[in-house]
Structures are given as structure tokens and as C-alpha cells.
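Novice: model the following, please.
(one chain, ligands or ions: 2)
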Amino acid sequence: RRVQVAVVGGGPAGSLLGILLHRAGLNVVVLERRSVEHVRGRIRAGVLEHPSVTMLREHRLADRVDREGIRHEGVVLSDRGDPLRVDFQGLTGHGVVVYGQTELQKDLFAAIEAERVKYLDEVEELALGDVTNRPVELRYRRGGREETLLADVVAGCDGAHGVTADAVPRGVRRTYERYYPFGWLGIMAETAPVHPELIYARHERGFALCSMRHARLSRYYLQAPLDTDLGAWPDDRFWDELRRRIPPAAAERLETGPSIEKSLTPLRSAVGEPMAYGFLALAGDAAHSVPPTGAKGLNLALADVVDLAEVLLEAKDPGPEALQAYSDRALRRVWRAVRFSWWMTTVLHRFPDDGPFAERIQDAELALLRSSVAARRAMAEQYVGILP
Ligand code: FAD
Ligand code: DHB
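Specialist: Residues are numbered from 1 along each chain as shown. Ligands and ions are numbered 1, 2, ... in the order given. Okay, here's the model as predicted:
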């Protein structure tokens, strides 16, 4: 079998790319390792930037986002209990939409099914042949059978632990990365969100984030050591710790209840350059990772795919040159989001190995945000995703 584009990975990036290319009349297939049920149920990101929402609308994929997403016009930054609101709407004219990645994935699956986009799940042991020659050969196992697929172009949308990025030789691909010495312990609970807007809290005991999915579903995170044992964190301990890190007024109102999910996410910044090699292009987490603090991961993945689809559809016969142009364009955008996520992470977390100097710098960063409308506007523009 031969296709024009083989998309490896069927998360948000791969699903959206499959839909856009299929709609444009390309012969495309999405190959996903896990089952559709697994991909549909995964809990991950929660915030859509303004440009992501606009893009989803343009592609008629935002009906439910518009109906069920919660528009947020600002956010609260708390400095050791002292809240500061950043007014996105007033500063930028835009807001963000709180809408779970889980829900977006369901919407993408609905379009995939309705429009008969070819999406194969439970594709195992996928291996790429030489990506510098066309067609590229993909081998995999599905339903106990060995399969081979030939593709003019391969889109690597297989996330941070995928295989496609490894097809770029070490001498060509350079990875720029930073690990942070902590993770996020997250829970989901069927309780009312503590505050109508998100609260990003800096605290001596570590960072905390109060987020939500809807009026009866809250998402909370605590900065925690990387070796945290989830078993040592029964719900009561989580709620007690959260109360200590957020503004007192919020702590008093906090509605607690049993968690329905609990997980630890390590934090990392990483960019692999270039994002294309031969007839392979990488998009989303396959190409880069950001710490979750700026809520950029999902948005970057969507923006990559839009850029990639445009390049694939504009070039009559997309080859290494067109894909390189995609990489150049995407990387300029990616680095700005990487910088922002790094900055949010650095300003708000407690770094166990950094001394009092770093803490004073954090104090000064937050003082600047508090006193300078220009600083708040710069933060707001980047958070809502409008890059002047
Ligand atoms: P993914 O969603 O990872 O999709 C990749 C897909 O490829 C997966 O379905 C995977 O099963 C599949 N795959 C992998 N290997 C293969 C293979 N060999 N063959 C075939 N298929 C393969 N971002 C935020 O902004 N805020 C958050 O709070 C947040 N929380 C997160 C929590 C966790 C636990 C994780 C892992 C990520 C989180 N992110 C968050 C990041 C955000 O979810 C990602 O940036 C986003 O999912 C990227 O989409 P993607 O399609 O590029 O990658
Ligand atoms: C969520 C996650 C984030 O990383 C973030 O910055 C905001 C919200 C969330 O899961 O709701």
C-alpha cells in the first residue's frame, strides 16, 4: 500500500493533521500505537490559546469548544498567598478557553469517524526505513500481522516517547534541553473549582496550580519531588498541602472530595533541531517538550500541524526543501513558547538547589509584574498566544 502522507501518532497533533490533509483530498493514514479508547480517555492539558480556538473554528472543529469551553479573561498569580490578577482581556483584547485535551481529542475523533479519515489504532513496533529516499517504508505489526506501508512523506506526531525523531541522525539533529528538579503531582476531582479563574501560586513550600475542566470538575497540581510516591499522597494530604500554598481566601473556600485521577508529570524543556529531515517532518511533542507551566504544549502541537499542513498543501510535490521551510518557520514560534514556559516555571517554582539570590530575583520578577502594566501585558500576550 502507498499513501501520500503517513502520520505516525494519533494524539491531538496527528489527529488534526490527518483531518486537514484528508479534507484537502490527500491520501493520508494515521498510525496510532494505543487503542482509540486509551487515547480518548487520557487526561492532559486544559487551556486553549486564543489562536488555537480561532484555528479550530476556521476548520469547523470548535462547535463543542464554543458551547462547553469556559472563556477565561484573566488569571491569578499568587505570591506567597498574595494574589495578583492579570487581566488578559483588558491588556490584549483576548482571552483563553479552558477545555480539556480529553474533550478536544473526542471532537477530533468525531470528525475522523464522520469524514472517514483513515486512522489505524493498535499499531505496534512501528519502524521507519530510510527517510532520505522516497517512498519511505514503514513496517509495523497490527492484529498479529506484519504490515508494510509506503509513504511520500512521513509526519512524526508520536509524542515525547515516539520513534520518528530517532530517524534523524545524531549528527544532524541537535537537542537543546533543560530538566527541572521537580515534577507536578496532579489530581482531578469532581468538586467546584476554588476560583472562577486559574491560580498559579508561588510559595515557599513549592508551586501550586488551581485549574478546572468545568463547573463540577477541578484540576489541581502541586510541585513535588521527582521521586514522589503517589501512595504517600492520599487525597487528604494533597488537599492540606494545596490549602497552604494558595491565597488564604481561596484556601477557606476550597471544596475537597475524592480524587478521580492522580499522577506525577516530570518537567522538561527540550527542542530538537531541525524539525525535518529528508521526507520526514516532526510536529508537536515529537519535536519539542515544554514544562506545563505556561499551558503551551497542546497549543504548540496544534500550531505546528497547521504550519505543516500548509506547507504540504502548498508545495506541488513536497520534499526536503519544503519540509525544511516548515522546520524554520515552526522553530521561530516554538522557541518563543519554550522561553515563556521556562520563564513561568522559573519564576514560580521553588528550586531546591538555588539559593537566596534566585529567590530575590523571583521576588523582583513578581514585583515587576505587580507594578508594571507593560510587564503584565507582555505576560498576557504570551499566555493568550498572540505574538506581536
Ligand atoms: P501526544 O499527545 O503525546 O500524542 C502522541 C501519540 O503518538 C500518542 O497517542 C502515542 O500513543 C502515539 N505514539 C507514540 N509512539 C508511537 C509509535 N511508536 N507508533 C505509533 N504511535 C505512537 N500540556 C499542557 O499544555 N498542559 C498540561 O497540563 C499538560 N499536562 C500533561 C500531562 C502529561 C502526563 C503529559 C504526557 C503531557 C501533558 N501536557 C500538558 C502536554 C500536552 O498534553 C502535549 O503537549 C500534547 O499532548 C502534545 O500532543 P502530541 O499530539 O504532539 O503528542
Ligand atoms: C492546566 C495545565 C497547565 O499546565 C496549565 O498551565 C494550566 C492548566 C490544566 O491541566 O488544567
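Novice: Ser78 in helix, strand or coil?
Specialist: strand (DSSP: H, G, I helix; E, B strand; the rest coil).
Novice: heads up, I number from 41, so please use that
Specialist: Got it, first residue is 41 now, which makes that one Ser118.
Novice: quick check: closest non-adjacent residue to it.
Specialist: Ala241 (4.0 Å; Cβ to Cβ, 6 or more residues apart in numbering). Quick note: C-beta positions are derived from backbone N, CA and C, even for glycine.
Novice: likewise for Ala420?
Specialist: Nearest to Ala420 is Leu131, by Cβ to Cβ, 6+ apart, at 4.2 Å.
Novice: which SS class is the one you found?
Specialist: helix.
Novice: what parts of the protein come near ligand 2?
Specialist: Ala85, Gly86, Val87, Leu238, Ser251, Arg259, Pro332, Thr333, Ala335 (Cβ under 6 Å from any ligand atom).
Novice: now, the most widely separated pair of the residues you listed?
Specialist: Arg259 and Thr333 (14.0 Å; Cβ to Cβ).
Novice: more neighbours: which of the two?
Specialist: Neighbour count, other Cβ atoms under 10 Å: between Arg259 and Thr333, Thr333 has more, with 24 against 21.
Novice: ok, the more buried one - contacts?
Specialist: Residues in contact with Thr333 (Cβ atoms under 8 Å, 6 or more residues apart in numbering) are Tyr240, Phe247, Leu249, Leu307, Ser381, Met384, Thr385, Leu388, His389.
Novice: roughly how far apart are it and Phe247?
Specialist: 8 Å (Cβ to Cβ, to the nearest Å).
Novice: kindly report the same for Ile227.
Specialist: 15 Å.
Novice: equivalent analysis for Leu190, please.
Specialist: Distance from Leu190 to Phe247, by Cβ to Cβ: 48 Å.
Novice: which one's more surrounded, the two?
Specialist: A count of neighbours by other Cβ under 10 Å puts Phe247 above the other of Leu190 and Phe247, at 24 against 14.
Novice: what residues are up against the more buried one?
Specialist: Counted by Cβ under 8 Å, 6+ apart, Phe247 has contacts Tyr240, Ala241, Tyr261, Leu262, Gln263, Arg285, Thr333, Leu388, His389, Arg390.
Novice: now do the same contact list for whichever residue of the stretch 41-190 of the chain sits closest to ligand 2.
Specialist: Residue of the stretch 41-190 of the chain nearest ligand 2, by Cβ to the nearest ligand atom: Gly86 (2.5 Å). Going by Cβ under 8 Å, 6+ apart, Gly86 touches Val138, Tyr139, Gly140, Gln141, Ser251, Met252, Arg253, Arg259, Ala335.
Novice: spell out which residues of the stretch 141-290 of the chain are next to ligand 1.
Specialist: Going by Cβ under 6 Å from any ligand atom, the residues of the stretch 141-290 of the chain near ligand 1 are Gln141, Val163, Leu166, Cys197, Asp198, Gly199, His201, Gly202, Val203.
Novice: pretty sure Asp122 is touching Pro287, no?
Specialist: Yes. With contact defined as Cβ atoms under 8 Å, Asp122 counts as touching Pro287 (7.1 Å).
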